[in-house]
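>>> here is my input, please return the structure:
(2 chains)
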Amino acid sequence: MRYIEPHGHMVSRTTDDYQAMVTAGCQAVCEPAFWAGFDRGSAAGFRDYFRQLTEYEPARAAKFLLPHYSWLCLNPKESEDLGLAREVLALIPEFLDRPNVLGIGEIGLNRNTRNELRILEEHVALAVRHDQLILVHTPHLEDKLKGTRLILDLLRAHAGVRPGRVIIDHVEEHTIQQVLDAGFWAGITLYPDSKSSPPRAVDMLEICGRERIWLNSACDWGVSDPLAVPKTALEMRRRGHSEDFVDAVLFRNPVRFLSQCPKFTVWAEPAG
Amino acid sequence: MVDHGFVPVRAKLIEVAAFLDRVERYAVADDFRCAALRRAAALLVDGRPARARRILEQLSDPTTRPDAVSTGKAALGAWAGRPAAAAKRKS
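Presented below is the predicted three-dimensional model:
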């Protein structure tokens, strides 16, 4: 089988994980910028991180013949310091032409605060100004429903946002339909405890259709599984879904969305 | 579907039951998260569909306006109103 890992925080993973992903059929990995587990203290810290995402990590993945792409932003957890956030926003354009950068992400909300919304709006404006794809993180647990609604309101209010070029990630049963109804793509994250399981992900695909949905592991430094996407193929097959269904969701869908960025290329032999 | 799914889900249901017993033994069952879990569990047997969606909605913050400032804390998994949530956090 073949699949894309459209959301993995590989800077937090070992090279063993790269080897396992490639062995399982991974054709490309995409890495959004995220929170390091602690708040960075300066814009210089972010510059180093963006260099890691655009120079070092693609080289590490290439040792396993795995194409590596990245998304750039300041994570919503670090949006409360507006001064620092705006310094980081000013840094991003100099990295947008790097060959592995797909767009702006994962932007969004964390605790649904006014400052987070301000910085989200500025990220969206930056993406529209530079004609970038957008990857949106929705908040955790009890904050997800409210945060998703605030994000949708903000995106719909921006005249320059084209929903087909925006993926709203970490949807669950209570948020997926409103994301799809608004014309956006939806990402289902296979993450132990706090997001979705493989059976629930397949339920959502069966109920909502597979047209504008991708699956990802969002593997990072927390409890997570870099092989969650290919493992979900087993759940699909157990229920009698065809190999074409598996390939459409795990490979062709992410390729269709990501190929809107001309820098994204992947070897795409027909599934057989 | 049932052959494959029943035993793992049975195990999760017993975990829920054991957790609710445990928080009573430790006298922390009045924590707002435990109360939210009991309310959510009632939806499992109300005979209506979309149980997962409705449980997620019931555990969610129902307000619509952005918060003035961040608490700086992680999400807790259930909503009890901002001040109450802060007060109960230590249990």
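
>>> ok, now which ones touch residue 27?
You didn't say which chain, so I picked chain A. Residue A:27 is in contact with A:2-4, A:66-67, A:251, A:266-267, counting by Cβ atoms under 8 Å, 6 or more residues apart in numbering or on different chains. In this view, the C-beta of every residue, glycine as well, is placed from N, C-alpha and C.

>>> just the buried residues out of those residues, in PyMOL syntax.
In PyMOL, this line selects whichever of those come out buried by 16 or more other Cβ atoms under 10 Å in any protein chain shown:
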select buried, chain A and resi 2+3+4+66+67+251
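
>>> could I get the contacts of residue A:27 in TSV, plus columns for pLDDT and secondary structure?
Below are the contacts of residue A:27 laid out as TSV (pLDDT from 0 to 100; DSSP: H, G, I helix; E, B strand; the rest coil):
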residue	pLDDT	secondary structure
A:2	98	coil
A:3	98	strand
A:4	98	strand
A:66	97	coil
A:67	98	coil
A:251	98	helix
A:266	89	coil
A:267	74	coil
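
>>> show me which pair in the contacts of residue A:27 is furthest apart.
Greatest spacing in the contacts of residue A:27, by Cβ to Cβ: A:66 and A:251 (14.4 Å).

>>> nearest to residue A:133 among the contacts of residue A:27?
residue A:4 (14.2 Å).

>>> excluding its backbone neighbours, what's nearest the closest one?
residue A:254 (4.0 Å; Cβ to Cβ, 6 or more residues apart in numbering or on different chains).

>>> confirm that that neighbour sits in a helix.
Yes - using DSSP: H, G, I helix; E, B strand; the rest coil, the assignment for residue A:254 is a helix.

>>> tell me how many other residues surround it.
When counting by other Cβ atoms under 10 Å in any protein chain shown, one arrives at 28 neighbours for residue A:254.

>>> ditto for residue A:43
Residue A:43 has 18 nearby residues by other Cβ under 10 Å.

>>> could you do the one 10 residues further on as well?
Residue A:53 is surrounded by 26 other residues when neighbours are defined as other Cβ under 10 Å.

>>> could you tell me which residues make contact with it?
Neighbours of residue A:53 in contact, by Cβ under 8 Å, 6+ apart: A:11, A:31, A:33, A:70, A:72, A:100.

>>> distance of it relative to residue A:177?
According to Cβ to Cβ, to the nearest Å, residue A:53 and residue A:177 sit 32 Å apart.

>>> what of residue A:219?
Per Cβ to Cβ, residue A:219 is found 26 Å from residue A:177.

>>> and the two? which has more neighbours close in?
residue A:219 (26 against 15).

>>> what's the first helix or strand after the helix of greatest length in chain A?
Counting residues, the longest helix found in chain A (DSSP state H) is helix A:114-129. Next in sequence after helix A:114-129, counting helices and strands by DSSP states H and E, comes strand A:133-137.

>>> quick one on the thing from earlier: other SSEs contacting the longest helix of chain A?
With contacts taken as 3 or more Cβ pairs under 8 Å, 6 or more residues apart in numbering or on different chains; DSSP states H and E, helix A:114-129 sits against helix A:82-91, strand A:101-108, strand A:133-137, helix A:144-157.

>>> do you know which of the ones you listed lies nearest chain B?
With Cβ to the nearest Cβ as the criterion, chain B lies closest to helix A:144-157 of the helices and strands packed on helix A:114-129, at 3.9 Å.

>>> so residue A:127 is in contact with residue A:134, correct?
Yes - counting by Cβ atoms under 8 Å, residue A:134 is a contact partner of residue A:127 at 4.9 Å.

>>> give me the common contacts of those two.
Going by Cβ under 8 Å, 6+ apart, residues that sit against residue A:127 and also against residue A:134 are A:103-104.

>>> and those two? which has more neighbours close in?
More crowded of residue A:127 and residue A:134, by other Cβ under 10 Å: residue A:134, with 28 against 25.

>>> done for today, thanks.
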